[in-house]
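Engineer: After the sequence you'll find the predicted model.
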Amino acid sequence: MHINEATILLNVEANSKEDVLEQMGQNLVELGRVKESFISAITAREDEYPTGLPTAGVAVAIPHTDVEHVREKTISIATLKKPVSFGVMGGDSSEQVDVKVVFMLAMEEAHSQLTLLQQLMQLFQDESKLMRLAHATEKKAVMELVSTNLDL
């Protein structure tokens with residue numbers, strides 16, 4: 001699993017979820033972790049199956065897409081300067097949540113994605129950790145928090 005400071009983006013300025021997905025996806029393309037097709041695939045999947053979660057303290061989103069767009073298993077994390085609206089996971093199409101932290105998952109196996117999602121859900125239930133993530137000013141702090149809470 002690849003997560004390092006290169007896949008962490010702090011204080012991202014974005015005006016829409018598409019903007020966020022484009023910036024995060026482009027970063028992963030440039031790092032060689034995903035194929036060019038990843039960005040359009042993740043945007044299309046987010047439109048059809050929203051991933052916003054109205055978690056305590058700050059809302060998160062966990063966009064992901066199909067394994068054929070992935071070169072290396074990677075997690076990218078972005079904190080947003082100001083929240084952007086994402087559709088609510090499992091909600092009806094009109095339900096929106098203002099997201100402040102985005103975990104973009106690029107997984108090459110479906111079953112490893114499930115395990116990771118379960119670990120992320122546990123992390124998301126801890127409001128103090130989420131708040132620390134959302135307000136982190138250093139990539140190192142995000143790395144430490146994530147690596148101690150996820151089995152990477």
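Structural biologist: All right, it came through fine. Since this is a predicted model, take the numbers as computed values, not measurements.
Engineer: all helices of the protein, in order?
Structural biologist: Along the chain, counting by DSSP state H, helices occupy 17-30, 37-48, 110-124, 127-134, 139-149.
Engineer: residue nearest the centroid of the protein?
Structural biologist: Nearest to the geometric centre of the chain sits residue 103, at 1.6 Å (Cα atoms, centre = their mean).
Engineer: ok, back up a step: of all the helices of the chain, which one comes closest to residue 80?
Structural biologist: helix 17-30 (6.7 Å; Cβ to Cβ). C-beta coordinates here come from the backbone N, C-alpha and C atoms, glycine included.
Engineer: From the contact counts, what lies against the closest one?
Structural biologist: strand 8-12, helix 37-48, strand 74-87, strand 96-106 (3 or more Cβ pairs under 8 Å, 6 or more residues apart in numbering; DSSP states H and E).
Engineer: for the protein, what helix or strand is lowest in average pLDDT?
Structural biologist: helix 110-124 (a mean of 81; mean pLDDT, DSSP states H and E).
Engineer: now it, how far from the chain's geometric center?
Structural biologist: Averaging C-alpha positions (Cα atoms, centre = their mean, to the nearest Å) puts helix 110-124 12 Å from its chain's average.
Engineer: List of residues touching that helix?
Structural biologist: Here helix 110-124 makes contact (Cβ atoms under 8 Å, 6 or more residues apart in numbering) with 53, 55, 60, 62, 64, 67, 73, 75, 103, 105, 107, 129-130, 146, 149-151.
Engineer: Among the residues you listed, name the buried ones.
Structural biologist: For the contacts of helix 110-124, a neighbour count by 16 or more other Cβ atoms under 10 Å gives the buried set as 53, 55, 60, 62, 64, 73, 75, 103, 105, 107, 129-130, 146, 149-150.
Engineer: Pick the one among the residues you listed closest to residue 6.
Structural biologist: residue 75 (11.6 Å).
Engineer: And the pLDDT at that closest one?
Structural biologist: Note on residue 75: pLDDT of 92.
Engineer: Could you pull up the residues touching the closest residue to it other than its chain neighbours?
Structural biologist: The shortest distance from residue 75 to any residue other than its chain neighbours is 4.5 Å, reached at residue 3 (Cβ to Cβ, 6 or more residues apart in numbering). By Cβ under 8 Å, 6+ apart, the residues touching residue 3 are 74-77, 143, 146-147, 152.
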